[in-house]
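> Next comes the sequence, and after it the predicted model I'd like to discuss.
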Amino acid sequence: QSALTQPASVSGAPGQSITISCTGTSSDVGRYNYVSWYQQHPGKAPKLMIYDVSNRPSGVSNRFSGSKSGNTASLTISGLQAEDEADYYCDSYTTSSTWVFGGGTRVTVL
Amino acid sequence: QLQLQESGPGLVKPSETLSLTCTVSGLSISSSTYNWGWIRQPPGKGLEWVGNFYYRGSTNYNPSLKSRVTISVDTSKNQFFLELNFVTAADTAVYYCARRGVATSNRDSWGQGTLVIVSS
C-alpha cells in the first residue's frame, strides 16, 4: 500500500488560516469516512486532532477542522498560533482492512 | 485513566527478533469496543502503521511487514505484544502502541513510544 500524499511543508503567519491536504485513492480516503489527523511535536507521541474526517475529540481547539472531497481529505487550522507549529499526519482505513498514513506535513508559524 | 506503556530491549542485532510489550492500565484490552495496535516511526521520518488486533482474535498487518510480524495478547496481564523477525537497520524506529475505537478512525490513546535500534 502506498502512503497518502501530503505536502512536505505549509507555513502561515499568526492569526492566518492554513489548509493541509491528504490525497489517497478510491481504495482508502475516497472509500471510507475513516480519516484522522494527528499533531506531533518533537520528541512527543502523536496527538489525535480530528477523526472520522471531521470530528474533534474533547479538548481539541475548534480552530482545527477537517473535511473531505473525493480522494482528498483536508485539515484546516484557523487563527494560527505559535503552539500549532508541529508535524501533522493523516491516516485512513483501506479496502484491505489496513491503515495507511500520510508522509507528514511540517507546519511553520512565521 | 487509560495508560499505555511500551517496554522492551532498546538494541537488537540484525537478523534477530524485535520483541516489545505494551502494558495497558485503566481499561481491559478484552473490551469489545476497541482495537489495539502498533505504529512505528523511523528517526526523522513519518509514521507507519504496523498492525492491530481485536479482542476476538482477529489481526491485521501492514502488507510490507506481514511476513515478519506477529501481534499477540495476554489478557490475564492486560498486555499485548509485537514480534518482528529478521530485523535490519530499516526497522530502527520509535515504536508506539495505541488504542483505536471499533468502527471509527478514533485512535485517541498512545503510549510514549520506545526507541529500538537495530545494530550489531
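The structure has been received and is ready for your questions. Numbering: from 1, shown residues only, chains lettered A, B, ... in the order given.

> Find the centremost residue of chain A, please.
residue A:37 (3.6 Å; Cα atoms, centre = their mean).

> ok so residue B:90 is a helix residue?
Yes: secondary structure of residue B:90 (DSSP: H, G, I helix; E, B strand; the rest coil): part of a helix.

> need the residues of chain A near chain B, please.
Residues of chain A lying close to chain B (Cβ under 8 Å from any Cβ of the partner chain) are A:1, A:3, A:34-36, A:38, A:40, A:45-48, A:51-52, A:55, A:57, A:89, A:91-93, A:96-104. For glycine as for every other residue, the C-beta is placed from the backbone atoms N, C-alpha and C.

> how about the strands in the chain?
This is for chain A. For chain A, the strands defined by DSSP state E occupy A:9-12, A:18-23, A:35-40, A:47-50, A:64-69, A:72-77, A:86-93, A:99-101, A:105-109.

> nope, chain B please
Under DSSP E, chain B gives strands at B:3-7, B:11-12, B:18-25, B:34-41, B:48-54, B:59-61, B:69-74, B:79-84, B:93-101, B:109-110, B:114-118.

> Mean neighbour count, mean pLDDT and distance to chain A added to those strands, as JSON lines?
Formatted as JSON lines, the strands of chain B follow (neighbours: other Cβ atoms under 10 Å in any protein chain shown; pLDDT from 0 to 100; distance: least, Cβ to the nearest Cβ, whole Å):
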{"stretch": "strand B:3-7", "mean neighbour count": "17", "mean pLDDT": "98", "distance to chain A": "9"}
{"stretch": "strand B:11-12", "mean neighbour count": "16", "mean pLDDT": "98", "distance to chain A": "20"}
{"stretch": "strand B:18-25", "mean neighbour count": "19", "mean pLDDT": "98", "distance to chain A": "13"}
{"stretch": "strand B:34-41", "mean neighbour count": "24", "mean pLDDT": "96", "distance to chain A": "8"}
{"stretch": "strand B:48-54", "mean neighbour count": "21", "mean pLDDT": "95", "distance to chain A": "4"}
{"stretch": "strand B:59-61", "mean neighbour count": "18", "mean pLDDT": "95", "distance to chain A": "5"}
{"stretch": "strand B:69-74", "mean neighbour count": "16", "mean pLDDT": "95", "distance to chain A": "12"}
{"stretch": "strand B:79-84", "mean neighbour count": "20", "mean pLDDT": "97", "distance to chain A": "15"}
{"stretch": "strand B:93-101", "mean neighbour count": "22", "mean pLDDT": "96", "distance to chain A": "6"}
{"stretch": "strand B:109-110", "mean neighbour count": "20", "mean pLDDT": "97", "distance to chain A": "4"}
{"stretch": "strand B:114-118", "mean neighbour count": "18", "mean pLDDT": "98", "distance to chain A": "11"}
